[in-house]
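Student: predicted coordinates and the sequence they were generated for:
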Amino acid sequence: MSSGKMARRARLLRFGLNLYPPYIGAGVRVRHISPDFREVRVKMVLSWFNRNYVGTQFGGSLYSMTDPFFMLMLMENLGRDYIVWDKAANIEFITPGKGPVYAEFRIDQQLLDEARERTADGGKFLPRLHAEVRDGEGTLVARVQKTLYIRLKPRLRKAG
């Protein structure tokens, strides 16, 4: 896919995610998706809709702001020949989120090369990817670990 088409897809996805009702209700905004789908930045404000009983960011909202991005980034970069699913996730809450919080997601060429190499024989690859949620002053609010499932689609797997 040409870089111009990928850039348009990135803009459309950002626009669509920012209109996604669960994200609107949770106060999540996708601030940036790079044209090559290798970097995403997300912000979530603290509001009545995502505030917990003690007045801080609701843990479910902190997780939801991080949920789809690694999967989407890998799907766009690996292409239609691959199955990419979220397999597992873990979130560790470090300090309460008392205002806007931010998360950044990055993937690199090394991860893409490893995914292609590890799945070339038809096997699955289960990378563990990490992201952090920080407040506006840079204080760590939560650590997120995602395990993804990556595999060639059945029609492309070697018979064996």
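Tutor: Yes, it's here.

Student: now the spatially most central residue of the chain: how far from residue 100?
Tutor: Nearest to the mean C-alpha position of the chain, by C-alpha atoms, centre = their mean, lies residue 69 at 1.8 Å. Distance, residue 69 to residue 100, using C-beta to C-beta, to the nearest Å: 18 Å. Just so you know, the C-beta spots here come from the backbone N, C-alpha and C atoms, and that holds for glycine as well.

Student: using PDB, write out the CA atom coordinates for the longest helix along the chain.
Tutor: Determined from DSSP state H, the single longest helix within the chain is helix 3-18. The C-alpha trace of helix 3-18 is given here as PDB (Å, rounded to 0.1, in the frame of the first residue of the first chain):
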ATOM      1  CA  SER A   3       2.400   5.800   1.900                       C
ATOM      2  CA  GLY A   4      -0.400   8.200   0.700                       C
ATOM      3  CA  LYS A   5      -3.100   5.600   1.100                       C
ATOM      4  CA  MET A   6      -1.700   4.600   4.600                       C
ATOM      5  CA  ALA A   7      -1.700   8.200   5.700                       C
ATOM      6  CA  ARG A   8      -5.300   8.600   4.600                       C
ATOM      7  CA  ARG A   9      -6.200   5.400   6.400                       C
ATOM      8  CA  ALA A  10      -4.500   6.700   9.600                       C
ATOM      9  CA  ARG A  11      -6.400   9.900   9.400                       C
ATOM     10  CA  LEU A  12      -9.700   8.100   8.800                       C
ATOM     11  CA  LEU A  13      -9.100   5.700  11.700                       C
ATOM     12  CA  ARG A  14      -8.200   8.500  14.000                       C
ATOM     13  CA  PHE A  15     -11.400  10.300  13.000                       C
ATOM     14  CA  GLY A  16     -13.500   7.200  13.400                       C
ATOM     15  CA  LEU A  17     -12.100   6.300  16.800                       C
ATOM     16  CA  ASN A  18     -12.700   9.800  18.100                       C
END
